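# sequence plus predicted model, see below.
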Amino acid sequence: MEFLTSSLVIISIAWLCSAIILTINSRARKSCKLPPGPYPLPIIGNILSLGSKPHRSLANLARIYGPVMSLKLGSITTVVISSPESARMVLQKHDSSFSSRAIPSAASAVRHDEFSMVWLPVENQWRKLRKICKEQMFSAARLDASQGLRREKLQKLSEYVGECSETGRAVDVGEAAFTTSLNLMSASLFSVEFAQFGADSSQEMKDLVWGVMKCIGSPNFADYFPILKSVDPQRLLKQTKYYFGKLFATFDKIIEEKLKSRGEKNDLVEALIDLNLRDEDQFTRNDMKHLLLDLFVAGADTTSGTVEWAMTELIRNPTKMWKLSDEVRDFIKENGQIEESDIPRLPYLQAVVKETFRLHPAAPFLVPHKADSDVEIKGYIVPKNAQILVNVWASGRDPDIWTNANEFVPERFLNENNGVDFRGRDFELIPFGAGRRICPGLPLAYRMVHQMLATFVGNFEWRLQSIKPQEMDMNENFGLSLQKAVSLRAIPTKL
C-alpha cells in the first residue's frame with residue numbers, strides 16, 4: 001500500500017511537471033518555428049509514435065513531415081534527421097554546435113557518462129582519450145603491426161567452420177563472428193582470449209555486451225521525464241549497472257595481473273598502465289576502465305553484427321554469393337592469402353560491405369547529439385538542448401537516393417554509386433558517423449569486416465537446414481545497434 005501511494009505521488013508530480021513543460025514548449029514551438037512533426041499528445045507527447053522499432057517508425061513519419069522533423073518525447077524536444085543533406089548540415093556545417101551528447105539515463109550507470117569518450121563533451125578530456133585511441137590502437141602503424149594477431153584469429157575461425165563442414169554441423173554465423181571479434185578485441189586489449197567457438201563463455205559475454213547496447217539504446221521513460229530518473233521505472237539503469245559491474249570486475253582482475261607481470265605483453269592495457277603510472281592525475285585507473293569498456297563493447301558488437309547481416313543477405317541472394325566467392329577464391333588462387341592491404345583489390349567484396357552498411361547500419365541512429373545553441377536548419381530552428389537523432393537507417397532506405405532501395409544490390413557501388421564511401425565524407429552512407437564525433441574504431445572495423453567476410457565465403461559454400469533462403473527471418477532487435485532477432489544458422493561445405 002505504501003509503495004502504491006508513493007508511486008501515485010510520483011506519477012502525479014510527473015504529470016503536473018510535464019503539463020507545465022508541455023504548455024511552455026507548445027508556446028515555444030509556435031514562436032521559434034520548430035521543424036514540422038506529428039502533433040504531440042498531452043503529457044507523453046509523441047512517445048507512442050516510436051513503437052518497438054523506432055528507426056522504422058521515424059523513417060515512416062519522415063516521409064510525411066520531411067527530413068528535418070521535430071517530436072516531443074515526454075518533456076524532451078527531439079529533432080530527427082533523415083536525409084544526407086540535412087545530416088551534412090548537422091555533422092559538418094554546424095558540427096561545433098551539435099557536438100555535445102544527449103546522455104541516456106542508463107549511460108550514467110557507475111558514472112560512465114563522466115568518464116566515457118562516447119558521452120564526454122568535446123573538451124580536453126575527450127581530446128586526450130581520442131588521442132590515446134588513435135596513437136595506441138587505431139593508427140595505421142599500430143594496425144599494421146597487429147595484423148598477425150588478426151590473421152591468427154581468422155585462421156581459428158576458418159578451422160572451426162572447417163570442423164563443422166566435416167561433421168555436417170550448422171554454424172551459428174553470428175556467434176562465430178562474435179567469438180572472433182571478441183577474441184580479437186580481448187587479445188588486442190589484454191593479450192588473452194575470452195571465448196572459444198561453441199562454448200558457453202562466448203554466449204555469456206555476448207549477452208553482457210548486447211545487454212549494454214540494448215539498455216542504453218532502448219526508449220526509456222526516465223529520459224523522457226527526467227523527474228523519473230531516480231525511480232528508474234524500466235529498471236534499465238539497474239540492469240546497466242549490473243552489466244558494467246561484471247565487465248569492470250573482469251578488467252580489474254586483468255589490470256592487477258598486468259601490474260604483477262609488467263612488460264611481458266605489448267598490448268593496450270600495458271600502454272594504458274604506463275600512462276597511468278607516469279601521471280595518475282592525468283589518466284586514472286577509472287579512466288582506464290571506462291575507456292576499455294567503450295572499446296570492448298563497441299568493437300565486439302558492431303563488427304560481428306555487420307558480418308552476420310552480410311552473410312544473411314548473401315545466402316538470400318545466391319548469385320551475389322557466387323560472385324563474391326569467385327572473386328575471393330580467384331584472388332587467393334593467384335596471390336595466396338588475402339592480406340589487409342589487398343582489400344582495395346577486391347572491388348566486389350568492398351561493394352558487398354558497403355551495401356550491408358547501407359541496409360543494416362550497425363547503429364540505426366547515430367549516438368544522440370545535443371544542440372548547444374539555437375541553430376537554423378533548412379529554414380527551421382533547432383532549439384538549444386534539443387536531442388538530435390540522425391536516422392542513418394532511413395537515409396540508407398530512401399528511394400529518392402537509392403534505386404531499388406530495399407533490395408540487396410552490391411553492384412550499385414560498382415556503377416552509379418561507385419565513388420560513395422563510408423568514412424564520413426559521403427553523407428549518403430555514414431554508418432560510423434561523421435565530423436569530430438566519427439567512430440575512432442572505423443579503421444579497425446574496415447579491416448575486420450572485410451577479412452572476416454572473405455574468410456566465411458572464400459573456402460566454403462553455405463546452405464540452410466530446413467527453410468528456403470527467402471523464408472529467413474529478417475527481423476531486428478533494437479538497441480544502440482541492430483542485431484538479427486533470429487540467429488543465422490547455416491551448414492558449410494568445404495570447396
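Now that the structure is in, tell me what you want to look at. Numbers count the residues shown, from 1 in each chain.

# does residue 384 count as helix, strand or coil?
Classification of residue 384 using DSSP: H, G, I helix; E, B strand; the rest coil returns coil.

# the helices in the stretch 1-150 of the chain, which residues?
Ranges of helices within the stretch 1-150 of the chain are 2-32, 54-65, 84-88, 124-133, 140-145, 147-167, based on DSSP state H, counting those that start in this stretch.

# how about residues contacting the last one?
It stands for helix 147-167. Residues outside helix 147-167 that contact it (CB atoms under 8 Å, 6 or more residues apart in numbering): 169-171, 176-177, 179-180, 183-184, 187-188, 197-198, 337, 339-340, 447-448, 451-452, 455-456, 459-460, 491-494. From N, CA and C alone the C-beta is placed, and that goes for glycine too.

# centre of the chain to whichever helix or strand comes after that helix, how far?
Using DSSP states H and E, the helix or strand that follows helix 147-167 towards the C-terminus is strand 171-172. When C-alpha coordinates are averaged (CA atoms, centre = their mean, to the nearest Å), strand 171-172 and its chain have centres 22 Å apart.

# adjacent strands (with direction) for strand 171-172?
strand 489-494 (antiparallel) (DSSP bridges).

# and the helices in the stretch 151-300 of the chain?
Under DSSP H, counting those that start in this stretch, the stretch 151-300 of the chain gives helices at 173-190, 200-217, 221-224, 236-260, 268-278, 285-316.

# I'd like those helices as JSON lines, with mean neighbour count, mean pLDDT and distance to residue 329 appended.
Output for the helices of the stretch 151-300 of the chain, formatted as JSON lines (neighbours: other CB atoms under 10 Å; pLDDT from 0 to 100; distance: least, CB to CB, whole Å):
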{"stretch": "helix 173-190", "mean neighbour count": "25", "mean pLDDT": "89", "distance to residue 329": "19"}
{"stretch": "helix 200-217", "mean neighbour count": "20", "mean pLDDT": "83", "distance to residue 329": "29"}
{"stretch": "helix 221-224", "mean neighbour count": "22", "mean pLDDT": "94", "distance to residue 329": "49"}
{"stretch": "helix 236-260", "mean neighbour count": "17", "mean pLDDT": "92", "distance to residue 329": "39"}
{"stretch": "helix 268-278", "mean neighbour count": "17", "mean pLDDT": "88", "distance to residue 329": "35"}
{"stretch": "helix 285-316", "mean neighbour count": "23", "mean pLDDT": "92", "distance to residue 329": "14"}
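
# closest one to residue 350 among these?
The closest of the helices of the stretch 151-300 of the chain to residue 350 is helix 285-316. By CB to CB, the value is 11.8 Å.

# residue ranges in the stretch 301-450 of the chain under the pLDDT threshold?
Under the criterion pLDDT under 70, no range of the stretch 301-450 of the chain is flagged.

# which residue ranges of it form strands?
Secondary structure of the stretch 301-450 of the chain (DSSP state E, counting those that start in this stretch): strands located at 369-370, 375-377, 380-382, 387-390.

# go through the ones you listed and pick out the most buried.
With neighbours taken as mean count of other CB atoms under 10 Å, those reach their highest mean count in strand 387-390, at a mean of 24.
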